[in-house]
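K.L.:
okay, predicted coordinates and the sequence, questions at the end:
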Amino acid sequence: MPRTAVLFGGPSPEHDVSILTGLTAARALAEAGREVEAIYWSKAGRFSAVDAALEASAFADGVPRGARPLALELGEGGGFVAEGKGLGRKRAVLDLEVVVNCCHGGPGEDGTVQGALDIAGIRYTGPSVAGAALGMDKLAFAAVAQAAGLPHLPVAALDPDGPAPFDGPYIVKPRFGGSSIGIEVLADWASVSAYARSPQPHLRAGAVVEPYRAGAVDLEVAIRRHPALALSPISKPASKGAIFDYREKYVPGEGMAAAPRETPADLPAPVTGAIRAAAERVAVLAAVRGVARLDFLLLDGGEVVVNELNTIPGSLTKHLWVDPPVPFATLLADMIAEATTGPGRAYSTQGADGSILRSAASIASKLG
């Protein structure tokens, strides 16, 4: 009988938080009566089948004891494959109905693992390749939002050798990444340039810069589109610093669920209306699948601007669905139903019938 796999971990700065999300999801699915296969993706990029009932501490030093190595094979008949044991034991492809993707950041959330699962013919929850890539690219997402007429602060690709794109102070962010990792608030362009030139591992793939607005309030709303478009109540995280940083989000305990917040946030009706309208628009623009979280900034003058889209948020935003309440098991079941109904992602070779190859001249003739 096909099983439901939960994939978590991965070579990402958000590896540890992903483990918390994955184990929580695996426990909830098992309690709901599903057969669960827990798949741990190590920091080194190796896959292992692990006991879904393990506690987070079992992963503190890496792959836990008793784990079974897996390989992800692509192409027809591909999937997660377990090595056979002993003489004559054949390798076996895991019989999976769907993968619940609980990987935060890195290749689990940027479209990389989504593409691999598509090629392997495995259905999965959460964003598609295109949706994941868009959500992870802060410059591209800002451009899409602005092109759609949604309010967004100016965003520029950081060029430390170029002129300041706008007046400071500035906030510098990794172009590809999330959860406030590698973010720095700087007073002037000289400081921005120096920071960008310093050894910053999270900026290696590029960075963006935005104007920093002191006093801006962080707001967030969760989005899902199955079985119908729905938004969670708006939430206001309680931040003690200049930004709502990674430690405030995750160190208190169970992913985002343990971070202090006001939900539903006490907001003026126009602010609530603007956020909900923008979230519904982004749900379509970004082709949201699974559950996403859209972050906003409420500026001093009362203006609401779109900030960032998180396509696989911490704890899968289960803590935001409070009015009306949506049990975590229901949230997961709806994500699985969305992933398993309708046609899966299929590639087509229609039109590649060999006629062009048969009529082509020699390759040598094309070099001149």
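P.N.:
In hand now; what should we look at?
K.L.:
just give the number of residues close to Gly182.
P.N.:
By the measure other CB atoms under 10 Å, the count of residues near Gly182 is 18. C-betas here are computed from N, CA, C, even on glycine.
K.L.:
ok, how many other residues are close to the closest residue to it other than its chain neighbours?
P.N.:
Spatial nearest neighbour of Gly182, chain neighbours left out: His202 (2.9 Å); criterion: CB to CB, 6 or more residues apart in numbering. By other CB under 10 Å, 16 other residues sit near His202.
K.L.:
likewise for Ala67?
P.N.:
Based on other CB under 10 Å, the number of other residues close to Ala67 is 21.
K.L.:
repeat for the one 10 residues further on
P.N.:
As a burial measure, the neighbour count of Gly77 was computed by other CB under 10 Å and equals 10.
K.L.:
ok, the residue lying closest to Gly9 once chain neighbours are set aside - contacts?
P.N.:
Among residues not flanking Gly9 along the chain, Trp41 sits closest, at 4.1 Å (CB to CB, 6+ apart). Going by CB atoms under 8 Å, 6 or more residues apart in numbering, Trp41 touches 7-11, 47, 103, 108.
K.L.:
now do Ala67
P.N.:
Per CB under 8 Å, 6+ apart, neighbours of Ala67: 40, 48-50.
K.L.:
quick one on the thing from earlier: mind listing which of the contacts of Trp41 are in strands?
P.N.:
7-9, 47 (DSSP state E).
K.L.:
can I get the contacts of Trp41 in TSV with distance to Ala214 and pLDDT?
P.N.:
Converted to TSV, the contacts of Trp41 look like this (distance: CB to CB, whole Å; pLDDT from 0 to 100):
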residue	distance to Ala214	pLDDT
Leu7	39	98
Phe8	36	98
Gly9	37	98
Gly10	34	97
Pro11	35	97
Phe47	44	98
Cys103	34	98
Gly108	34	97
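K.L.:
so where's the stretch 251-368 of the chain uncertain?
P.N.:
251-258, 368 (pLDDT under 70).
K.L.:
try 80 this time
P.N.:
Low-confidence segments of the stretch 251-368 of the chain, defined by pLDDT under 80, are located at 251-259, 342-346, 368.
K.L.:
relative to Gly215, how far out is Gly301?
P.N.:
The gap separating Gly301 from Gly215 is 10 Å, by CB to CB, to the nearest Å.
K.L.:
which phi and psi does the closest residue to Glu109 other than its chain neighbours have?
P.N.:
Nearest residue to Glu109 in three dimensions, chain neighbours excluded: Ile312, at 4.8 Å (CB to CB, 6+ apart). Ile312 adopts backbone torsions of phi -130, psi 80, taken as degrees, to the nearest 10.
K.L.:
per-domain residue ranges of this protein.
P.N.:
3-124, 127-151+215-327, 154-212 (automatic domain parsing).
K.L.:
contacts only, for the residue nearest to Glu109.
P.N.:
101-104, 108-109, 126-127, 132, 290, 292.
K.L.:
repeat the analysis, applying 10 Å as the threshold.
P.N.:
Contacts for Ile312 (CB atoms under 10 Å, 6 or more residues apart in numbering) come out as 14, 18, 21, 101-105, 108-109, 125-127, 132, 135-136, 178, 290-293.
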